[in-house]
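Chemist: Curious how this folds, go ahead:
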Amino acid sequence: QVQLVESGGGLVQAGGSLRLSCAASVRTFSRYVMGWFRQAPGKEREFVAAISWSGDRTYYVDSVKGRFTISRDNAKKMVYLQMNSLKPEDTAVYYCAADQPAGLRIGVRPNEYDYWGQGTQVTVSS
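Modeler: Presented below is the predicted three-dimensional model:
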């Protein structure tokens, strides 16, 4: 069983920055692909970023490329999402997710992830 706890959300002005953190309670954290998703009111949950087991591969949705950076620290069992140049359209609840694929897949769809955190609210004011 994997438990994920996000933190770091809040209210920020457009152009500002936030750093989200996700703490995992699992013995084999380094075997999990980790992802960040977000869900705005009235919208479906969407992929934001994902990172491979070792951190050597990262993927981003086009709308955050160049502004967001995903990283992980396997020794601390943490994954991070550094968000810069925030825009009002980034406002959403952000979720951390974990997947233990059989191969080298890095999922970009919610149904590819088995474990989810409770979410943290990010609000960007204009």
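
Chemist: At which residues are the helices of this structure located?
Modeler: Ranges of helices within the chain: none, based on DSSP state H.

Chemist: could you measure S17 against L86, distance?
Modeler: Using C-beta to C-beta, to the nearest Å, S17 is found at 7 Å from L86. Every C-beta, even on glycine, is put in place using the N, C-alpha and C of the backbone.

Chemist: same thing with G42?
Modeler: Noted for G42: a distance of 20 Å to L86, by C-beta to C-beta.

Chemist: Just want to know which of these two has more residues nearby.
Modeler: In this view G42 and L86 are compared by other C-beta atoms under 10 Å, and L86 has more residues nearby, 22 against 5.

Chemist: my read: the more buried one touches R19, true?
Modeler: No. Using C-beta atoms under 8 Å, L86 is not in contact with R19, being 11.3 Å away.

Chemist: ok, the residue nearest to the spatial centre of the chain - contacts?
Modeler: Per C-alpha atoms, centre = their mean, the C-alpha nearest to the average position across the chain is that of W36, at 2.0 Å. Contacts for W36 (C-beta atoms under 8 Å, 6 or more residues apart in numbering) come out as L20, C22, V48, A49, A50, I70, V79, L81, Y94, Y95, C96, A97.

Chemist: 10 Å instead, please
Modeler: Contact analysis of W36 by C-beta atoms under 10 Å, 6 or more residues apart in numbering lists 6, 20, 22, 47-51, 60-61, 64, 68, 70, 79-81, 83, 94-97, 117.

Chemist: Skipping adjacent residues, who's closest to it in space?
Modeler: Spatial nearest neighbour of W36, excluding adjacent residues (C-beta to C-beta, 6 or more residues apart in numbering): V48 at 4.4 Å.
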